[in-house]
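[1] Have a look at this fold, sequence not included:
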């Protein structure tokens, strides 16, 4: 390979608004041709090459130029060798990571995936790692020396990285696995399942009060696909709004997974740039050889986290022999083997830590407390060809080809929202959905009895069985992490909850629609001729829909209280947005945080008895109990009102006092949101 160029981005930083230019001459039979990388002022590489492998090799080069340290840090973690490269880490974080990676079987499985994922995928991965290593070889002086010991990258680093990121971080986190393990370790299965109930809309149990959401407000992604019939131009429109960061500070060991979920943008052009075979733009997770979300001249797609539940914890009880557990009435042996990791010491030497990894028929043993064990089951570990699937999506020319690529279900997670030049729009509740023995979603949200063989899922839905919709009659797809049943309004025969309920498949997803997806879907319903500019405005809406639903009841209840009159005046005049100049949004937010327990209620001298919280749309954040609960028959207009408005008035008086004090220099209760 030969190198030409007028400067390197990592050395130059932003090139004073001018594009920095890197040119690679790719030599050898596997990578014949020339790749040209043009860096724009936003640090986005535009990569040109005569064929796919040339462009992918350029992508590996460009990702290292932007994010070498992050890639190498994540590679070390996925290899299960962080402690070997960087020492034990803060609170033994690197040691714990490495033992977990070995327990999960990632190193062995990464090789299996490489060997069984297909020759085309192996060639793509080899080209990518070759490009990354080429950058490191030529410009190692731009890489923090602490990370260079991880080099060179090898093809199994890509397959290991996919597993570490998707299967053992994204998916378990979505199913609250870390929180369940922690609750189980401190309070046993009853405590863990009470916690699971608190994350389940409508759940009540003997171990928990009526469920309300954890007192955490999560961010979330949004995706819309708008049919030509609702588009002012007559073309389909795709809006992707994934909530992941574009970058972070340069990671320094000991870092624990910093940058695992950050995006990098890229433009990939295959063939003659004047008439390319492919012109695709989108985002990659650094270290991955494909666009995860993107668009070409023909198709576009975005992802949102879906409510698929395809990781499970199973509790096992060791028999007195200490080596078997009961499953379906039969004692089975744990499958255990010795393993070890190296740990770098401060003097440069290494010590070895020996341990044993064990697995049951359910999966690896991830926790133990006395004679009790937890086994983790993860879907998709026998689907080795994710890279192939995504390149099939990128290269698709129409919906049929895009669906053909998706039908492999190599990605075990994510909603898929599609729009194409062909005028079609498409929604898929994507991933590997376990086939279970009936029941509801909440029945599987906690820790399951590992001795009950009927609870062990062994197969997953086929592509055609998953909730989906093609060109829905409402003219749009809208998902903001809500279940599939409300991802089209109205639902279709293929994403109708009643149809799945009739097949004893209610476990696929809970029923709820939080206010964020309601706001988006309501906007899309409001106009039958949407321009791109209007879609952008709708995406960036600052409307507080909760205020529309509860503020009339609050104002009515507080109007007769002299201590609340000033606050009532502000809220009555408020435009119910959080625009920079909006006056009232800060006061409303303070009231809501006190009311739902997200801010301490002991800050005022007033009596503030706890107010009942809602448990019907509680998947993402707590809400006060509503006068009208969420109703799946009226998904965009419920919930509504306050169940007990009078009980919330003192909270408003308290919030008013706190806002006056906190923003005395910026207008007190009249403080603009932007201040």
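    Good, I have the coordinates. Here the structure is a predicted model, which is why all the values come from computation and not from measurement.
[2] from the chain's centre, how far out does stretch 521-529 sit?
    26 Å (C-alpha atoms, centre = their mean, to the nearest Å).
[3] all helices for the stretch 301-450 of the chain, in order.
    386-394, 399-406 (DSSP state H, counting those that start in this stretch).
[4] Format these as a markdown table; extra columns: mean neighbour count, distance to residue 482 and mean pLDDT.
    For glycine as for every other residue, the C-beta is placed from the backbone atoms N, C-alpha and C. Below are those laid out as a markdown table (neighbours: other C-beta atoms under 10 Å; distance: least, C-beta to C-beta, whole Å; pLDDT from 0 to 100):
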| stretch | mean neighbour count | distance to residue 482 | mean pLDDT |
| --- | --- | --- | --- |
| helix 386-394 | 23 | 23 | 98 |
| helix 399-406 | 19 | 20 | 98 |
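[5] Where does pLDDT dip in the chain?
    1-33, 204-219, 247-258, 618-620 (pLDDT under 70).
[6] 80 instead, please
    1-33, 199, 201-219, 245-260, 615-621 (pLDDT under 80).
[7] closest one to residue 516 among the helices of the stretch 301-450 of the chain?
    Minimum separation from residue 516 across the helices of the stretch 301-450 of the chain (C-beta to C-beta) falls at helix 399-406, 25.4 Å.
[8] now the helices of the stretch 301-450 of the chain as TSV including distance to residue 377?
    Shown next, in TSV, are the helices of the stretch 301-450 of the chain (distance: least, C-beta to C-beta, whole Å):
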stretch	distance to residue 377
helix 386-394	19
helix 399-406	24
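[9] Quick one: closest of the ones you listed to residue 84.
    helix 386-394 (26.8 Å).
[10] ranges for the strands of the stretch 451-600 of the chain?
    468-470, 476-479 (DSSP state E, counting those that start in this stretch).
[11] Give me the neighbour count for residue 629.
    15 (other C-beta atoms under 10 Å).
[12] Dihedrals phi and psi, it?
    The phi and psi values for residue 629, taken as degrees, to the nearest 10, are phi -70, psi 160.
[13] Not counting sequence-adjacent ones, nearest residue to the most centrally placed residue in the chain?
    With distances taken as C-alpha atoms, centre = their mean, residue 305 lies nearest the centre of the chain, 4.8 Å away. Closest residue to residue 305 apart from its sequence neighbours, by C-beta to C-beta, 6 or more residues apart in numbering: residue 481 at 5.4 Å.
[14] distance of that neighbour from residue 283?
    Residue 481 is 18 Å from residue 283, where distance means C-beta to C-beta, to the nearest Å.
[15] These two: who's more crowded?
    It is residue 481, of residue 481 and residue 283, that has more neighbours when counted by other C-beta under 10 Å, with 22 against 19.
[16] is it true that the more buried one touches residue 306?
    Yes: Residue 481 lies in contact with residue 306 (C-beta atoms under 8 Å); the separation is 7.4 Å.
[17] Which secondary structure element is home to residue 294?
    Element membership for residue 294 (DSSP states H and E) is strand 293-295.
[18] err, residue 187, not the other one
    Counting by DSSP H and E, residue 187 is part of helix 177-198.
[19] So which bits of that helix are buried?
    For helix 177-198, the neighbour count (16 or more other C-beta atoms under 10 Å) marks 177, 179-181, 183-184, 189-198 as buried.
[20] Following that helix in sequence, what is the next regular element?
    Following helix 177-198 in sequence, per DSSP H and E, is strand 222-226.
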